[in-house]
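Visitor: Got a sequence here, can you model it:
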Amino acid sequence: QVQLVESGGGLVQAGGSLRLSCAASGRTFSYYAMGWFRQAPGKEREFVVSISWSGGSTYYTDSVKGRFTISRDNAKNTVYLQMNSLKPDDSATYYCATVRTPQTSGKWEEEYAYWGLGTQVFVSS
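Guide: A predicted model of the protein is given here:
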């Protein structure tokens, strides 16, 4: 079955950087779009960014544009989230997710069917 394992979270000061990784297994990684979501305490889960199955298209929520970058390495079955210029509002548990259907953009949250357990990011002011 599909498994997603996130890593790379931690504590960082405002203005700092972190790189999250998500290792996928259980099916042909390169056929499927990937995404990152986050959930802060007391808040609903929100979409952060996605990357299409080909890697040719990416979609970012407005609050992270210019600061976060998603990428994928199909040879390593891994997707990355480089987070720069972090702000306290970025503090959350970050979840990696992948879609149900192959060869899609991953742009829509309802496409996502498989989720990791999350990695925590805390940005101090």
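
Visitor: tell me, what residue is most central in this protein?
Guide: The residue at the geometric middle of the chain, judged as the C-alpha nearest the mean C-alpha position with CA atoms, centre = their mean, is W36 (2.2 Å).

Visitor: Number of residues surrounding F68?
Guide: Under the neighbour criterion other CB atoms under 10 Å, F68 is assigned a count of 21. No exception for glycine: its C-beta is placed from N, CA and C like everyone else's.

Visitor: Tell me what it is bridged to.
Guide: Beta bridges link F68 to M83 when assigned by DSSP bridges.

Visitor: shouldn't it be in contact with S50?
Guide: No - under the contact definition of CB atoms under 8 Å, F68 does not touch S50, with a separation of 11.5 Å.

Visitor: Report whether E110 is found in a helix, as I expect.
Guide: Yes - following the definition DSSP: H, G, I helix; E, B strand; the rest coil, E110 is counted among the residues of a helix.

Visitor: Now do it against G118, distance only.
Guide: E110 sits 20 Å away from G118, taking CB to CB, to the nearest Å as the criterion.

Visitor: So for those two, which sits in the more crowded spot?
Guide: Neighbours per residue, other CB under 10 Å: of E110 and G118, the larger number sits with G118, 18 against 7.

Visitor: Make sure Y95 is actually in contact with M34.
Guide: No - when contacts are counted by CB under 8 Å, Y95 is not listed as touching M34 (11.3 Å).

Visitor: Show me which of the two is the more surrounded one.
Guide: Per other CB under 10 Å, whichever of Y95 and M34 has more neighbours is M34, with 28 against 22.

Visitor: Please name the nearest non-neighbouring residue to the more buried one.
Guide: Spatially, and ignoring its direct neighbours in sequence, M34 is nearest to V79 (4.3 Å; CB to CB, 6 or more residues apart in numbering).
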